[in-house]
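Trainee: Sequence and computational prediction follow.
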Amino acid sequence: MRLKDRVAIITGGASGIGEGICLCMAKEGSHVVISDINMDFSAKVADKILKMGRKALTVRTDVRKAEDCQNLIKKSLEEMGSLDILVCCSGFPGYSDNTTGEDPTRIENISEDNWNLTIDTNLKGVFLCNRSIAPYFKQKKKGKIINIASIAGRRGADWIPHYSASKAGVIIMSQAIAAQLAPFNVNVNTICPGFIWTPMSLTSGKMMAKLYPQFNNMNPVEVFDEVVRTKVPLGRPQTPEAIGNLAVFLASDEANEITGQAINVDGGAVFS
Ligand SMILES: NC(=O)c1ccc[n+]([C@@H]2O[C@H](COP(=O)([O-])OP(=O)(O)OC[C@H]3O[C@@H](n4cnc5c(N)ncnc54)[C@H](O)[C@@H]3O)[C@@H](O)[C@H]2O)c1
């Protein structure tokens, strides 16, 4: 087991990719802190981890709030005794199911509310969690931080300019933090997922079906399948486990020499 008795915090750990990362970490021997705003889903993930024989803790955290992020580290340390890994995976897709109005994806129509929610969750949330754990990892002279961005942060995606901006911000900010923390033996890397079917993809699929003629009359699963068919050279969607496997590697001693990198897990959709 590559992470035996390590302790990992996963923000956004209650659902989708975050849940996949929690389970992959636990499979490799790590105890897991599930940090999310959705406590019902967090409890279900915690149950699965306990059944695998690991410790699990749930901490309600709104990553947009500094005091919640500070409390996350404090509570995790109190309950678990030490911390080794932070994965920042909470995210907002850019639009909610009730986003309305004339093509809300065009730059002239993107609301400030959606901008704020996207940047605050996806970028400020990563900043606040990285900021909260940095003093502990610096003093410990060891730690692994893995921030989850997106291939939309590699190349601006037409229908989500604000989401793309938030994810590009995560990639570049992580490089800067990696440079700051390298002298303290703390590794900071970014994973850029491609196309994974999660509640987030459901929201995106509904929006695309409404807006784009090529997806008219399709349900969100069909939209997702069509996007994968046309955008992914390997011709298949990625899975939460595929992201979790890379997160485990980056969190393990095998990746001690890797820092400041952003790695795509996208079936070849973006070559960078
Ligand atoms: N699904 C994909 O294809 C895909 C592709 C690229 C990147 N991503 C990124 O992966 C991450 C996980 O996405 P997912 O697809 O698993 O979505 P998801 O909706 O299944 O999970 C997102 C989680 O974040 C939590 N969350 C939302 N706002 C929060 C807040 N303010 N504070 C704390 N937690 C909050 C939600 O409760 C949820 O549990 C996101 O950062 C997303 O941008 C997803």
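Mentor: Noted; the coordinates are in hand.
Trainee: ok, whatever residue of the stretch 51-200 of the chain ends up closest to the ligand - how many residues close by?
Mentor: When distances are taken as CB to the nearest ligand atom, the stretch 51-200 of the chain reaches nearest to the ligand at residue 91, 2.4 Å away. C-beta here means a position set from N, CA and C on the backbone, and glycine is covered the same way. Using other CB atoms under 10 Å, residue 91 is surrounded by 28 other residues.
Trainee: Quick check: residues of the chain near the ligand?
Mentor: 11-12, 14-18, 36-38, 61-64, 89-92, 121-122, 148, 150, 193, 195-196, 198-201 (CB under 6 Å from any ligand atom).
Trainee: got a list of what the residue of the stretch 51-200 of the chain closest to the ligand touches?
Mentor: Applying CB atoms under 8 Å, 6 or more residues apart in numbering to residue 91 gives the contacts 12, 121-122, 148, 200.
Trainee: do residue 13 as well
Mentor: 19, 21-22, 32-36, 42, 45, 87, 89.
Trainee: Surely it forms part of a strand?
Mentor: No. Counting by DSSP: H, G, I helix; E, B strand; the rest coil, one finds residue 13 to be coil, located in no strand.
Trainee: out of everything not next to it in sequence, what's closest to it?
Mentor: residue 34 (3.9 Å; CB to CB, 6 or more residues apart in numbering).
Trainee: sec struct for the one you found, please.
Mentor: Quick answer, by three-state DSSP: residue 34 is strand.
Trainee: What is the neighbour count of it?
Mentor: If we define neighbours as other CB under 10 Å, then residue 34 has 29 of them.
Trainee: Surely it touches residue 61?
Mentor: No. Under the criterion of CB atoms under 8 Å, residue 34 is not in contact with residue 61, lying 9.5 Å apart.
Trainee: Which helix or strand in this structure has the lowest average pLDDT?
Mentor: helix 199-211 (a mean of 90; mean pLDDT, DSSP states H and E).
Trainee: Residues in contact with the helix or strand following it: which ones?
Mentor: Tracing the chain past helix 199-211, the next element assigned as helix or strand by DSSP states H and E is helix 220-231. The contact list for helix 220-231 (CB under 8 Å, 6+ apart) reads 195, 197, 201-202, 204-206, 208-209, 214-215, 218, 235-237, 267, 269.
Trainee: What ranges does the stretch 51-200 of the chain have for its helices?
Mentor: Counting by DSSP state H, counting those that start in this stretch, the stretch 51-200 of the chain has helices at residues 66-80, 112-119, 125-140, 161-181, 199-211.
Trainee: Would you mark the buried spots in the shortest one?
Mentor: Okay, so that is helix 112-119. Of the residues in helix 112-119, 114-115, 117-119 count as buried by neighbour count, 16 or more other CB atoms under 10 Å.
Trainee: which other residues reach the least confident helix or strand of the chain?
Mentor: Identification of contacts with helix 199-211 by CB under 8 Å, 6+ apart yields 15-16, 91, 93, 95-97, 99, 103, 105, 159, 195, 215-221, 223-224, 227.
Trainee: Repeat the analysis, applying 10 Å as the threshold.
Mentor: 12, 15-17, 38, 41, 91-97, 99-100, 103-106, 159-160, 163, 195, 197-198, 214-227, 237 (CB atoms under 10 Å, 6 or more residues apart in numbering).
Trainee: Centroid-nearest residue for this structure?
Mentor: residue 89 (2.2 Å; CA atoms, centre = their mean).
Trainee: For the closest residue to residue 105 other than its chain neighbours, give me the backbone phi and psi.
Mentor: Nearest residue to residue 105, sequence neighbours excluded (CB to CB, 6+ apart): residue 159, at 4.1 Å. Dihedral angles of residue 159 (phi, psi; degrees, to the nearest 10) stand at phi -100, psi 0.
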